[in-house]
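[1] Compute the structure for the input listed below.
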Amino acid sequence: ASWLGLTPREHSSGHIRKLGGISKRGDRYVRMLLTHGARAVLLRAGQMQRAGQSLNALQRWALALKERTNHNKATCALANKLARIAWATWRHGTVFDPNQAAAA
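    Numbering: from 1, shown residues only. Just a heads-up that it's a prediction; the model follows:
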């Protein structure tokens, strides 16, 4: 996620830590795809919640985050999480389980 520019830019000095917006470094196209995917996940999770359908842990986490902050910040945070999930499944050769994704 950091290589793709999906992590907050840090402006810190001494013991005070200040996090800004995403750094926008790395591959712009992959970052755009992850951001659009995160928007689609948020939209579908909201539709499922309104329809009374069951949500997995990742969708519940994303909607809870969207309630605490604005839509764009939730989208970037979810894109960050999706990038980390994609890397972890590729690196460890495992299958993604959305019910365990939000626990970490």
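[2] list the contacts for the spatially most central residue of the chain?
    Residue closest to the mean C-alpha point of the chain, counted by C-alpha atoms, centre = their mean, is residue 78 at 1.5 Å. Residue 78 makes contacts with 38, 41-42, 62, 65, as judged by C-beta atoms under 8 Å, 6 or more residues apart in numbering. Every C-beta, even on glycine, is put in place using the N, C-alpha and C of the backbone.
[3] right, and out of those residues, which lies closest to residue 32?
    residue 38 (10.7 Å; C-beta to C-beta).
[4] in what helix or strand does the closest one lie?
    With elements taken from DSSP states H and E, the one containing residue 38 is helix 28-50.
[5] again, but for residue 95
    Applying DSSP H and E, one finds residue 95 in no helix or strand.
[6] Burial check on it, number of neighbours?
    By the measure other C-beta atoms under 10 Å, the count of residues near residue 95 is 5.
[7] got the contact list for it?
    Residue 95 touches residue 89, counting by C-beta under 8 Å, 6+ apart.
[8] Low-confidence ranges, the chain, go.
    1-11, 18-25, 101-104 (pLDDT under 70).
[9] how does it look with 90?
    Low-confidence segments of the chain, defined by pLDDT under 90: 1-32, 34, 73, 76-77, 80-104.
[10] so where do the helices sit in it?
    Ranges of helices within the chain are 28-50, 57-68, 71-92, 98-101, based on DSSP state H.
[11] Export only the CA atoms of the third one, formatted as CSV.
    Extracted as CSV, the C-alpha positions of helix 71-92 are listed here (Å, rounded to 0.1, in the frame of the first residue of the first chain):
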residue,chain,number,x,y,z
HIS,A,71,-16.9,8.9,2.1
ASN,A,72,-13.6,9.8,0.4
LYS,A,73,-11.5,9.0,3.5
ALA,A,74,-13.3,5.8,3.9
THR,A,75,-12.6,5.0,0.2
CYS,A,76,-8.9,5.6,0.6
ALA,A,77,-8.7,3.6,3.8
LEU,A,78,-10.5,0.7,2.1
ALA,A,79,-8.3,0.9,-0.9
ASN,A,80,-5.3,0.8,1.4
LYS,A,81,-6.7,-2.3,3.1
LEU,A,82,-7.5,-4.0,-0.3
ALA,A,83,-3.9,-3.4,-1.4
ARG,A,84,-2.6,-5.0,1.8
ILE,A,85,-4.9,-7.9,1.4
ALA,A,86,-3.9,-8.4,-2.3
TRP,A,87,-0.2,-8.3,-1.3
ALA,A,88,-0.7,-10.7,1.6
THR,A,89,-2.7,-13.3,-0.4
TRP,A,90,-0.1,-13.1,-3.2
ARG,A,91,2.9,-13.3,-0.9
HIS,A,92,1.6,-16.2,1.3
